[in-house]
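1. Need the 3D shape of this:
(2 chains)
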Amino acid sequence: MSEEFNVLEHELVPEHHLLSESEEKKALAELQLTKDQLPKIRISDPCVATLDQAVGPVEEGRIIKIVRRSPTSGVSVCHRLVIRG
Amino acid sequence: MIGQIITKRISSIKFSLLSPDEIRKMSATKIITADTYDDDGFPIDMGLMDPHLGVIEPGLRCKTCGRKADECPGHFGHIDLAMPVIHVGYVKELKKLLQSTCRTCGRLLLTREQAEDYTKQMARLEELGGDTIDVGLISKETAKDAASRTVCPHCGAVQLKITLDKPTTFREEGHKLTPKEVRERLERIPDEDLPPLGIDPDSARPEWMILTSLPVPPVAVRPSITLESGDRSEDDITHKLVDVLRINQRLRENRDAGAPQLIVEDLWELLQYHITTYFDNQTSGIPPARHRSGRPLKTLVQRLKGKEGRFRSNLSGKRVNFSARTVISPDPFLSINEVGVPEDAARELTVPLHVNDWNLQIAKELVIRGPKPPGKPYLPGVNYVLRNDGRRIKVTDKNAESVSEILEQGFIVERHLMDGDIVLFNRQPSLHRMSMMAHAVRVMDAKTFRFNLSVCPPYNADFDGDEMNLHVLQSDEARAEAKILMRVQEHILSPRFGGPVIGGIHDHITGVFLLTYKDSKFDEEEATHIMSRMDVDLPDPIEGIDGKKYWRGKDLFSMLLPNDIHMTFRASICQKCQECKREKCENDAFVVIRSGKLITGTIDEKAIGAFKGRILDKIARDYGPDSASSFLNSVTRMAIGAIGIRGFTTGINDEDIPMDAKAQIEEVLRLAMEKVNSYVSAYRHGELEQMPGRSLEETLEVEIMKELGKARDQAGHIAGRHLGMENSAVIMARCGARGSMLNLSQMAGCIGQQAVRGERLRRGYWNRTLPHFMKGDLGAEARGFVRSSYKSGLSPTEFFFHSMGGREGLVDTAVRTSRSGYMQRRLINALEDLKVMQDGSVQNTAGTIIQFRYGEDGIDPSRSVQGEPVDIDDIILDVLGEEGEDLAKVTEKGVVSYGIQDRDLLETPEDAESETEDSEFEEE
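-> Numbers count the residues shown, from 1 in each chain, chains lettered A, B, ... in the order given. Predicted coordinates for the structure are as follows:
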């Protein structure tokens, strides 16, 4: 394959968004949660790696917003915290 | 009795190592002698049964705390070991520590920067809410990194390779390290080098993993049993401690006497063995310590581990009071919310009644009745009365009156179970929440628990000897909660597939079918008989040809429906014709309900059956559980009434078919055999045309299977032609009550091909299934085709083949249940502490989010419509009425059921085999 494969463009992979610091604050306030309560995503996850290349460095402790299509509720949004590993 | 309630929360639990100092500090006495009792039977001081360790015989007083047997919690002692010994439970950690620290200076084999980096990573992860497993992984990484160094970055010493000789011997390049040497090395590790390895030096210094003194558990932990003969029999743990003490003593003596190094080392190793097996007698690599009789000893780890261990059997699985268990039997005249409880059980099970000003009089009356009020009807009495000072008075016939007189506010009266009490009812295996539901008590004669047959499916109960458990709730709060959340009627709609799990079965379905099929009508006597069982009026009669008054079954049934219900659907008897004639269906399978009136169509499994009942589903969803339960109660009673009027039975002669039909079937089968033989000879002559993607052999098999399947179906059809709607077995099969047309065609026509692993039978002898056939015979009979019917009986070879097919089914179910049981266990362990919070998110006990919205859509599956959030068709019909019907096309929604497929009529040959039997070999 000449062209690099991009996981995020695959139809089975939901949208991943890297949140900026202000967005992080807003999201956490909205959810009334602290960072440690969020589900995790490993920094080695292919989606995170792709995001890292596309929108700048992703470090541990950043939040990634995932938007999925759902047949029952339209969209379902979830947030994940980037951890090492 | 509850005393003061302690309202404190455990915020965290910390596990740490016991240091030798702590062991000695908490010790009530040092143990030095291996003897337990002296000649007079008194425990020896400083022996394993020293009274300082607590007492178990009643009457004696503990020498440490001065309390009596049931008050003294027991106290630890200790054994000072002559030489240090490795603790088997920590060998993994010890290996890690030895490998990652310097052999001379004891420092961690990493530079300061590296160590700090790892500590920082750990802190960061903890801050971000990483779990202990992730944190542990970092320390493992640190250790691995450090162990890969060959030179100490601090003192420059060259490191030697350390290996672990299972279970407890450490070697450095082949040279054995004694526990003493190991301990010396561990002592050298400085405190600041421990955190990167995941160890908190304040609570767990690594050298404490090497034992220099051994805690001796209190006698209460290892009670000795006095046999009838007066001999004492000691606990396994005591036996093991005796071994430890004996060897410890010999080791000390030999060492002090300056015995040769070899002897001391041997004894040291023996001491290591005994202490290892004292902890875990199933350590791999060493023989388990055995009792004199040859039975392996049950030591500390064995007490805790596994299904019979402390955790699973005593802590997770507690035994309870206020429970009962007995055989179950059916009672169609109970409401679905009720359970019939035998009087004997009701007199034993009690409910506490807190006496106050308002119920004092009632309480007195109850107490006067005593523990066994005579006569009928059943009256609840009282077994015990609890006074304000906590004393318990047993109520007898003699003292009943006097006890009732002293009754006052604050007393607790333990009254017998009575009608209307809320109890929990359960049948194992408790696989889903419907396995335990709340019922209202009805005290009855006889000795079994009874309940409405509609409640069989959720419990998966039948009455071939099944037993069920009953638990009596003891507080108002529990009763309220159970009534609101757990009552049977709240569980009509299942969370598994969003349809009814509770509904009509067997005779209920046959009953309503007979009641509503086509133009069935009933004269006055019959109609009043049917309707007398329910609290509804007789509908308007119609006039018969004879001028007498008649009642249509459809009208009778309509009386149970809510007045504003509209429904349109196809019944189970629907033949799935190419073009539906709708209201003019000749099978009366098109159900139309308008304004609570059944206009056309027959009520059967599709309407009121468990798992499939559409009417039931709609009533439960739109009119609430109260209406649904009263509907079910009435429908089932009406069904039993209707079936009783016609009378209903089935027997083997229901499968009788005329001689000429038999001849036709014979002919069909003969032709099929010929066809098979022609395939085989075509194959032999290499004339068979190969199918794409299949080998020649496979092609032959497929063609033969197809041919035989067709033959079986044809035989079924021929038989079916002679089995009409007047036949009870056919009625049951068609309306969905029990059995299928396939079952019937196998009974009357031909059983068909038997299969193992989806193939024709081939196993047994060399190149043949049985010695009755030629080697290499590929014909139908030789490979497991059964041409007989169940009615006509099987030939010996056929019977053998049939057993082969049947065996596979049995093995499959056995394997499936054990596997799914284990799967369920693991699933429950993973999910048991998850909880849906007020905001709709799913969190665990640590407060971390598992799902942001339950199921990612927040839908409660038991309130969903077959998994969908809303039933669009239903809403369209509601809004537009009749005209909406085309829009909302009356589609057949895929109905989910317990893996039981719609087996109406004759099915394809493939799945026919696997379903030859419904495995009615259930024995409880």
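
2. Can you list the buried residues in the lengthiest helix in chain B?
-> As assigned by DSSP state H, the longest helix anywhere in chain B is helix B:796-831. The neighbour-count check on helix B:796-831 (16 or more other C-beta atoms under 10 Å in any protein chain shown) flags B:797, B:798, B:800, B:801, B:802, B:804, B:805, B:808, B:809 as buried. All C-beta atoms are positioned from the backbone trio N, CA, C, and that covers glycine.

3. Stretch B:62-71 too?
-> The neighbour-count check on stretch B:62-71 (16+ other C-beta under 10 Å) flags B:62, B:63, B:64, B:65, B:69 as buried.

4. Those residues: which ones sit near chain A?
-> With the criterion set as C-beta under 8 Å from any C-beta of the partner chain, no member of the buried residues of stretch B:62-71 is near chain A.

5. Need these in a markdown table (columns: pLDDT and secondary structure).
-> Listed next are those as a markdown table, based on pLDDT from 0 to 100; DSSP: H, G, I helix; E, B strand; the rest coil:
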| residue | pLDDT | secondary structure |
| --- | --- | --- |
| B:62 | 85 | coil |
| B:63 | 85 | coil |
| B:64 | 84 | coil |
| B:65 | 85 | coil |
| B:69 | 79 | coil |
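
6. which one of these is nearest chain A?
-> residue B:65 (44.0 Å; C-beta to the nearest C-beta).

7. List the residues that contact that closest one.
-> Going by C-beta atoms under 8 Å, 6 or more residues apart in numbering or on different chains, residue B:65 touches B:54, B:72, B:73, B:75.

8. roughly how far apart are residue A:31 and residue B:349?
-> 48 Å (C-beta to C-beta, to the nearest Å).

9. Looking only at neighbour counts, state which of the two leads.
-> Between residue A:31 and residue B:349, residue B:349 has the larger neighbour count (other C-beta atoms under 10 Å in any protein chain shown), namely 22 against 15.

10. For residue A:80, see how far away residue A:60 is.
-> Per C-beta to C-beta, residue A:60 is found 12 Å from residue A:80.

11. For those two, indicate the residue with more neighbours.
-> A direct count of neighbours by other C-beta under 10 Å for residue A:60 and residue A:80 places residue A:80 higher, at 20 against 16.

12. My guess is the more buried one contacts residue A:39. True?
-> Yes: counting by C-beta atoms under 8 Å, residue A:39 is a contact partner of residue A:80 at 5.1 Å.

13. who's in contact with the helix or strand harbouring residue B:341?
-> If you go by DSSP states H and E, residue B:341 is part of strand B:338-342. If you take C-beta under 8 Å, 6+ apart as the criterion, strand B:338-342 is touched by B:324, B:326, B:331, B:334, B:349, B:417, B:423, B:425, B:439-452, B:470.

14. Check stretch B:298-315 too.
-> B:236, B:237, B:240, B:277, B:278, B:279, B:280, B:281, B:282, B:289.

15. could I get the residues you listed as JSON lines with neighbour count and distance to chain A?
-> As requested, the contacts of stretch B:298-315 are exported to JSON lines (neighbours: other C-beta atoms under 10 Å in any protein chain shown; distance: C-beta to the nearest C-beta, whole Å):
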{"residue": "B:236", "neighbour count": "20", "distance to chain A": "44"}
{"residue": "B:237", "neighbour count": "20", "distance to chain A": "42"}
{"residue": "B:240", "neighbour count": "23", "distance to chain A": "43"}
{"residue": "B:277", "neighbour count": "25", "distance to chain A": "39"}
{"residue": "B:278", "neighbour count": "22", "distance to chain A": "39"}
{"residue": "B:279", "neighbour count": "17", "distance to chain A": "34"}
{"residue": "B:280", "neighbour count": "19", "distance to chain A": "32"}
{"residue": "B:281", "neighbour count": "21", "distance to chain A": "38"}
{"residue": "B:282", "neighbour count": "12", "distance to chain A": "34"}
{"residue": "B:289", "neighbour count": "18", "distance to chain A": "43"}
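
16. Phi and psi next, for whatever residue of the stretch 251-400 of chain B ends up closest to chain A.
-> Relative to chain A, the nearest point of the stretch 251-400 of chain B is residue B:316 (27.3 Å; C-beta to the nearest C-beta). Phi and psi for residue B:316, reported as degrees, to the nearest 10, are phi -80, psi -30.

17. and stretch B:854-867, which residues are buried?
-> By neighbour count with 16+ other C-beta under 10 Å, stretch B:854-867 contains the buried residues B:854, B:855, B:856, B:857, B:858, B:859, B:862, B:864, B:865.

18. Mind picking the two most distant members of those residues?
-> Farthest pair in the buried residues of stretch B:854-867 (C-beta to C-beta) is B:856 and B:865. Separation: 18.3 Å.

19. Can you name the residues of chain A that neighbour chain B?
-> A:31-40, A:60-61, A:68, A:70, A:72-73, A:76-79, A:81, A:83-85.

20. List only buried entries from those.
-> A:33, A:36-38, A:40, A:60-61, A:76, A:78-79, A:81, A:83-85.

21. Nearest to residue B:205, out of those residues: which one, please.
-> For those, the nearest to residue B:205 is residue A:84 (29.0 Å; C-beta to C-beta).

22. so what's residue 35 up against?
-> No chain in the question, so chain A it is. Going by C-beta under 8 Å, 6+ apart, residue A:35 touches A:28, A:61, A:63, A:81, B:127, B:128, B:129.

23. look at chain B instead
-> Applying C-beta under 8 Å, 6+ apart to residue B:35 gives the contacts B:44, B:47.

24. and it, what pLDDT?
-> Reading off the confidence values, residue B:35 has pLDDT 81.

25. what's the answer for residue B:272, then?
-> pLDDT at residue B:272 comes out at 92.

26. which secondary structure elements does the helix or strand that contains it contact?
-> Counting by DSSP H and E, the element that carries residue B:272 is helix B:261-279. If you count contacts as 3 or more C-beta pairs under 8 Å, 6 or more residues apart in numbering or on different chains; DSSP states H and E, helix B:261-279 packs onto strand B:77-86, strand B:210-216, helix B:236-256, helix B:300-304.

27. ok, and for that helix, which residues are buried?
-> B:264, B:267-279.

28. for stretch B:13-25, same thing?
-> Using 16+ other C-beta under 10 Å as the test for burial, stretch B:13-25 gives B:17, B:19, B:20, B:23.

29. Ok, stretch B:519-526 next?
-> Applying 16+ other C-beta under 10 Å to stretch B:519-526 flags B:520, B:521, B:522, B:523, B:526 as buried.

30. Low-confidence ranges, chain A, go.
-> A:1-3 (pLDDT under 70).

31. now the helices for it?
-> Secondary structure of chain A, counting by DSSP H: helices at A:21-31, A:46-55.

32. tell me the most buried of these?
-> Scoring the helices of chain A by mean neighbour count under mean count of other C-beta atoms under 10 Å in any protein chain shown gives helix A:46-55 as the most buried, with a mean of 16.

33. Show me the residue of chain B that gets nearest to chain A, please.
-> For chain B, C-beta to the nearest C-beta, closest residue to chain A: residue B:129, 2.6 Å.

34. quick one: contacts of the host helix or strand of residue B:440?
-> Element membership of residue B:440, judged by DSSP H and E, is strand B:436-444. Here strand B:436-444 makes contact (C-beta under 8 Å, 6+ apart) with B:331, B:334-335, B:337-343, B:346, B:378, B:417-426, B:430, B:450-451, B:455, B:458, B:482-483, B:485-488, B:491.

35. Show me these that map onto strands.
-> Cross-referencing the contacts of strand B:436-444 against strands under DSSP state E gives B:338, B:339, B:340, B:341, B:342, B:422, B:423, B:424, B:425, B:426, B:450, B:451.

36. helices and strands of chain B: which one has the lowest mean pLDDT?
-> Lowest on mean pLDDT, DSSP states H and E among the helices and strands of chain B sits helix B:909-914, with a mean of 36.

37. what about residue B:251, distance to residue B:281?
-> The value you get for residue B:251 to residue B:281, if C-beta to C-beta is used, is 21 Å.

38. Okay, domains of chain B per the record?
-> Using automatic domain parsing, the domain parsing of chain B gives B:22-75, B:88-209, B:221-308, B:323-456+B:477-484, B:653-811.

39. Tabulate the buried residues of stretch B:13-25 in TSV, adding columns for pLDDT and distance to residue B:711.
-> Putting those into TSV (pLDDT from 0 to 100; distance: C-beta to C-beta, whole Å) gives the following:
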residue	pLDDT	distance to residue B:711
B:17	92	76
B:19	92	82
B:20	92	84
B:23	92	81
